[in-house]
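> Dropping a prediction and its sequence here:
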Amino acid sequence: MTRRQDNIDVPTTAEPTAFGKKVFVRTYGCQMNVYDSDRMTEVLAREGYEATDTPEDADLVLLNTCHIREKAAEKVYSELGRLRKIKDERARDGKSTMIGVAGCVAQAEGAEISRRAPVVDLVVGPQSYHQLPGLLNRAKSGEKVVETEFDIDAKFEDLSRAAVKPVRQRPPSAFLTVQEGCDKFCTFCVVPYTRGAEVSRPVSQIVEEARRMAAEGVREVTLLGQNVNAYHGEGPDGKTWGLGRLLRELAEISGLDRLRYTTSHPRDMDEDLIEAHRDLKSLMPYLHLPVQSGSDKILKAMNRKHTRDEYFKLIDRIRDAAPGLALSGDFIVGFPGETDADFEDTMDLIRRVEYGSAFSFKYSQRPGTPGATMANQVPEDIKSARLLELQALLTEQQRAFNASRLGMVCDVLLEKKGRQPGQLTGKSPWLQAVQVDAPEDLIGTIQAVEIIEIGSNSLFGARIGRQDEHLSTAPDLKEVAFDA
Ligand code: 5AD
Ligand code: SF4
């Protein structure tokens, strides 16, 4: 049985003003940007814009940018160079093209963007997407528009309203922003400056959006926030709810069989959230919990607000509550002052924790952050050498984790067509990609699969026949899988 529904066509009330126009949105960076790009597309759909995958066809191009590391920000300017050519070519054919820069580069650099790249008509920060139609009208009349105010509550309220009309078929796995911004001020990070202070959406707004997603065929929701486990939204009882309580509420929604959340800070992993991992069958056994460094000295300089020992104790508590949960993390090498011994502490932490997967980066000096002006910046060649060593260890751990799934039976949510004809790609409970031979009408269903082969980028699974309805009747496969 498939619970996926075909296009639900909810009528909109606003008069479209851009009927027949096309918008191309390119997304850089984190999942929050993926979510925001969808919301922008929805707001523009109300105006009559249709989404296109080719910038050459687009009357409006939006780059939803990332400022987290220097490389990410620079990519935007090279893309703007390419877009200038497209805009010129279209102009020769008598077509006009508006170019907008959204996201964290927009927030951080504001008017500087259109000075450096005059092709840009509109700069819009992440808290102002609900104002896009008005801003576009101003840009159309020739004004170089820059909007980088922080008014996040208005954004959430407006975008929730905008999300009534799905722009395209909802994939079975979707993101849902529950919290934005960050108050942690890690000394390497731009997020508290580009995304502002922590703001949590009220529980009722989130539940309503999740219900709507479930009705549109979404089976898995990943709750998003720059510091998602610091979530502290207003509950229906007027009290402040944490993420654990919110997850328990979402777990009640029929059709939402899988819940995930990202990204978390170790300091905000409270007991209720840890217990949610123990209690909720739909909360997937996967946790992205960045630690960044294994050296107490560097953790302090990074303002991470915990020691390596506290992190080890936390991991023990989480693993006691949810044995077999796959841990993922982020690591930065070459933070100012990092010595060989500090780096060795990070390697040692990784060996002790054993990660299922991880992301790792060379430290990048971000203007305006305390780290950028710290003494003892680490030379580039040392950063590169450390990154290679660290990634070799993480890759080895990931391979070992993947290999340990061989022969296991687990649930796979089938999400889209696979690489080979007759194959679908899905996700294991531990967020690994799994290729499964299955007909297309099983997209959007959860299938019991035996892992029969381990590839370098994904696992291969064979359906074992049991169909989608198992969720209420079958034994807990998580347990079976881990005992195997
Ligand atoms: N340099 C390198 N990596 C960074 N990150 C954030 N800021 C920087 C920076 N200045 C990494 C952190 C974070 C992830 C999203 O990006 O590891 O968890
Ligand atoms: Fe940046 Fe995460 Fe630190 Fe917040 S907790 S400042 S988002 S690294």
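All right, it came through fine. Ligands and ions are numbered 1, 2, ... in the order given.
> use CA for all of it now, contacts and neighbours both
Noted.
> Kindly state the domain boundaries assigned to this structure.
22-151, 154-403, 409-483 (automatic domain parsing).
> export those domains to CSV and tack on distance to ligand 1?
Below are the domains of the chain laid out as CSV (distance: least, C-alpha to the nearest ligand atom, whole Å):
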stretch, distance to ligand 1
domain 22-151, 5
domain 154-403, 4
domain 409-483, 18
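> May I see those domains arranged in CSV, with mean neighbour count and distance to ligand 2 as well?
Below are these laid out as CSV (neighbours: other C-alpha atoms under 10 Å; distance: least, C-alpha to the nearest ligand atom, whole Å):
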stretch, mean neighbour count, distance to ligand 2
domain 22-151, 19, 9
domain 154-403, 19, 4
domain 409-483, 18, 21
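> Would you mind giving those domains as TSV with mean pLDDT added?
Listed next are the domains of the chain as TSV, based on pLDDT from 0 to 100:
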stretch	mean pLDDT
domain 22-151	94
domain 154-403	95
domain 409-483	82
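> residue contacts, Gly29?
Residues in contact with Gly29 (C-alpha atoms under 8 Å, 6 or more residues apart in numbering) are Thr65, Cys66, Ile68, Ala72.
> swap in Ala139?
Here Ala139 is in contact with Asp121, Leu122, Val145 (criterion: C-alpha under 8 Å, 6+ apart).
> Which of these fall within strands?
Cross-referencing the contacts of Ala139 against strands under DSSP state E gives Leu122, Val145.
> out of the contacts of Ala139, which one sits closest to Thr395?
Closest approach between these and Thr395, by C-alpha to C-alpha: Leu122, at 41.2 Å.
> So in terms of bridging, what pairs with that closest one?
In this entry, Leu122 is beta-bridged to Gly100, Val145, by DSSP bridges.
> Could you pull out the strands in the stretch 351-484 of the chain for me?
Applying DSSP state E, counting those that start in this stretch to the stretch 351-484 of the chain gives strands spanning 357-362, 409-417, 423-427, 433-437, 446-454, 459-463.
> now the stretch 201-350 of the chain
Along the stretch 201-350 of the chain, counting by DSSP E, counting those that start in this stretch, strands occupy 220-224, 233-234, 240-241, 258-262, 286-288, 326-333.
> Out of these, which is closest to Arg319?
strand 326-333 (9.3 Å).
> report the angle between the axes of that closest one and strand 357-362?
Angle, strand 326-333 to strand 357-362, by axes from the mean of the first three to the mean of the last three C-alpha atoms, to 10 degrees: 10 degrees.
> Excluding chain neighbours, what is closest to Glu415?
Gly426 (5.0 Å; C-alpha to C-alpha, 6 or more residues apart in numbering).
> among the strands of the stretch 201-350 of the chain, which is nearest Ala45?
strand 220-224 (22.9 Å).
> What lies in contact with the closest one?
The contact list for strand 220-224, computed with C-alpha under 8 Å, 6+ apart, reads 31-32, 172-179, 210, 256-263.
> List just the nearest of the contacts of Gly29 to Ser295.
Nearest to Ser295 among the contacts of Gly29, with distances taken as C-alpha to C-alpha, is Ile68, at 22.2 Å.
> which non-adjacent residue is nearest that closest one?
Closest to Ile68 by C-alpha to C-alpha, 6+ apart is Val190, at 6.2 Å.
> wait, what's in contact with that neighbour?
Here Val190 is in contact with His67, Ile68, Arg366, Gly368, Thr369 (C-alpha under 8 Å, 6+ apart).
> Leaving out chain neighbours, which residue sits closest to Arg319?
Nearest non-adjacent residue to Arg319 (C-alpha to C-alpha, 6+ apart): Leu325, at 6.7 Å.
> sorry, that was for Tyr311
Pro266 is the one closest to Tyr311 (C-alpha to C-alpha, 6+ apart), at 6.9 Å.
> thinking again about what came up before, dump the strands of the stretch 351-484 of the chain into a markdown table; add distance to Leu280 as well.
Formatted as a markdown table, the strands of the stretch 351-484 of the chain follow (distance: least, C-alpha to C-alpha, whole Å):
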| stretch | distance to Leu280 |
| --- | --- |
| strand 357-362 | 23 |
| strand 409-417 | 15 |
| strand 423-427 | 19 |
| strand 433-437 | 23 |
| strand 446-454 | 17 |
| strand 459-463 | 25 |
